[in-house]
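J.: Fold the following for me, if possible:
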Amino acid sequence: MKEFTIDEKRAGQRFDKYLQKLLKEAGTGFLYKMLRKKNIVLNDKKASGKEILEAGDVIKIYLADETYDKFAGPPLRVPLKTSPKKGRRLEVIYENKDVLLLNKPRGVLSQKAKGGDYSLVEMLRDYLLASQALSPQDLQSFSPGICNRLDRNTSGLVIAGASVYGLQQMSELLRTRHVDKYYLALVHGCLKDSLTIKGFLTKDERKNLVTISETAGESYIETYYEPLAFREDLTLLKVKLITGKTHQIRAHLQSIGHGLVGDYKYGGSVRNDKYKRQYGLSAQFLHSYEVVFPELPERLSDLSRQSFQAPLPTLYKTILEDIQWQHGIPAVSEVLR
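T.: Numbering: from 1, shown residues only. From the prediction side, this is the model:
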C-alpha cells in the first residue's frame, strides 16, 4: 500500500488528474476501475476521481509494489546541478509560495521546442529546486510552469505558477483579461497620439507568420499604444495588449506602417540594418515591461491591485540613451531607472 498526503502545492486539482501524473503509465480506464473497486481511496472513502483535492487529503493506493512501480514508470531523473548558458540565470521580480514574476532574457525560449532546449520552464524548475521550494520527489506529481509566453527574442515579465493554485489562478486571470500587460516597443516613424487599433489576425502555422486585416481573419485583435517619447523617425511606445495573440504587437504595428526597430520578420532590412551594425540588434525591440493585477483572493492578497515592472535589457537601455529625443525625455528617464 502507498499513501500520499496532499500539500498546498498540489491542492486545487482534480483527483483523477493527480492520479494520471502519479501513475503516468496507467490508462484512465484502469484508474477508474481501481477507484470503483476501492483499490484507490481518498480519505479512506470511495471516490469518483472528480473531487477537487484539498491540503491534508490522504490518498491510499492498494496495489502490489511491482504493479505500482510498473504504472508509476521509472523515477524522474533530475540533475543535481544544471549548467545553463552563460548569462542565463533566472531573474525573479517577485515570489511567493504560489506565484513568481520572472524577467525573461532575450534569446531564451519560454518553453522548450525540442529535447535539448533549456527554456524558461527549466530555469524555473532549477531555481525552485535550488531554493528547496521544490524537491525532486515533488516533480513526480507536480510541475511548475509559466502562464503566458513571450517570443524567444522578446524579453520581460512572465507570470509563473509554483503551485497548482497559482497556475490555475494566474491562467484564469490571463484568459479573462483581468491582468493588464504593458510592453515597451521602439518603432520606426513618428507617433504623437495615443490610439487603440483594431483588426483581424490570421496565422500561417507553417511559416510561423501572421497577417493583419481590417475586415476578415481568424482572430479579432485590439492593441492600445501610448507614445512615451518621439522624434521624426522613431517613437518609444507603451503598448497595452487588449487581446493577446501570436506576434500581435509586431504585426499590428507593422500593418499601420510603424514596425518595430530590429524586427526583420515583419519589417524591411534597410532601416533595421543600421541598428544591427551599430548595436548588434538582430531582433525586435520589444519588452514586456509591466503587469497590473486586479483585486485577488486572500491567498494572493499581496498581489492585489499591485503593479510590477521588469528592468530593460542593457542593450535596449544603450539604444534609448543614444537617441536624441525631441519629446518625452522624462518618460525615457523613467523607464531607464
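
J.: How many residues are close by Glu3?
T.: 8 (other Cβ atoms under 10 Å). Heads up, the C-betas are built off the backbone N, CA and C, glycines and all.

J.: so what's it bridging to?
T.: Lys60 (DSSP bridges).

J.: what pLDDT does the closest residue in space to Lys21 that isn't next to it in sequence get?
T.: In this structure, Lys21 finds its nearest non-sequential neighbour in Ser141, 4.6 Å apart by Cβ to Cβ, 6 or more residues apart in numbering. Per-residue confidence at Ser141 stands at 87 (pLDDT).

J.: Would you mind measuring from Ser141 to Lys203?
T.: Distance of Ser141 to Lys203, computed by Cβ to Cβ, to the nearest Å: 34 Å.

J.: Which one of the two is surrounded by more residues?
T.: Here Ser141 and Lys203 are set side by side on neighbour count (other Cβ under 10 Å), and the busier one is Ser141, at 22 against 17.

J.: Would you confirm that that one contacts Tyr18?
T.: Yes. With contact defined as Cβ atoms under 8 Å, Ser141 counts as touching Tyr18 (6.2 Å).

J.: Find residues that contact each of the two.
T.: Arg10 (Cβ atoms under 8 Å, 6 or more residues apart in numbering).

J.: Could you list the low-pLDDT ranges of the protein?
T.: 75-88 (pLDDT under 70).

J.: Which parts of it belong to which domain?
T.: Residue ranges for each domain of the chain read 2-72, 92-175, 180-335, as given by automatic domain parsing.

J.: Deepest-packed of those, please.
T.: domain 92-175 (a mean of 18; mean count of other Cβ atoms under 10 Å).

J.: chain center to it, what's the gap?
T.: Here domain 92-175 is found 7 Å from its chain centre; the criterion is Cα atoms, centre = their mean, to the nearest Å.

J.: go on, stretch 35-53?
T.: 34 Å.

J.: residues making contact with it?
T.: So stretch 35-53 is contacted by 6, 10-16, 18-19, 31-32, 34, 57-63 (Cβ under 8 Å, 6+ apart).

J.: Strands along the chain, start to end?
T.: Counting by DSSP state E, one finds strands in the chain at the ranges 2-5, 40-42, 58-61, 92-95, 99-104, 145-146, 155-161, 180-188, 195-204, 209-213, 219-230, 234-241, 286-292, 307-309.

J.: now what about the last one, what contacts it?
T.: Think strand 307-309. 93-94, 101, 157, 289-293.

J.: 7 Å instead, please
T.: By Cβ atoms under 7 Å, 6 or more residues apart in numbering, the list of residues contacting strand 307-309 from outside reads 93-94, 101, 157, 289-292.

J.: Contacts only, for Ser304.
T.: Contacts of Ser304 by Cβ under 7 Å, 6+ apart are 293, 295-296.

J.: Mind putting the residues you listed into TSV with distance to Glu172?
T.: Below are those laid out as TSV (distance: Cβ to Cβ, whole Å):
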residue	distance to Glu172
Phe293	13
Glu295	14
Leu296	11
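
J.: and which of those is nearest to Ser163?
T.: Closest approach to Ser163 among these (Cβ to Cβ): Leu296, at 14.5 Å.

J.: so how far is Asn272 from the closest residue to that closest one other than its chain neighbours?
T.: In this structure, Leu296 finds its nearest non-sequential neighbour in Ser304, 4.5 Å apart by Cβ to Cβ, 6+ apart. According to Cβ to Cβ, Ser304 stands 41 Å off from Asn272.

J.: And Tyr68, by the same measure?
T.: 58 Å.

J.: right, and Gly12 touches Leu167 too?
T.: No. Proximity of Gly12 to Leu167 does not meet the contact threshold set by Cβ atoms under 7 Å, at 8.6 Å.

J.: centroid residue for the protein?
T.: Asn148 (2.9 Å; Cα atoms, centre = their mean).

J.: got a list of what that one touches?
T.: 158-159, 174.

J.: Spatially nearest residue to Phe285 (excluding sequence neighbours)?
T.: Per Cβ to Cβ, 6+ apart, closest to Phe285 is Leu186, 4.0 Å.

J.: what about the one you found, distance to Tyr225?
T.: 12 Å.

J.: try Leu303
T.: Taken as Cβ to Cβ, the span from Leu303 to Tyr225 is 26 Å.

J.: so the residue nearest to Phe285 bridges to which residues?
T.: Leu236.

J.: and it, what does it touch?
T.: 234, 236, 260-261, 285.

J.: Kindly recompute the last result at 6 Å.
T.: 236, 261, 285 (Cβ atoms under 6 Å, 6 or more residues apart in numbering).
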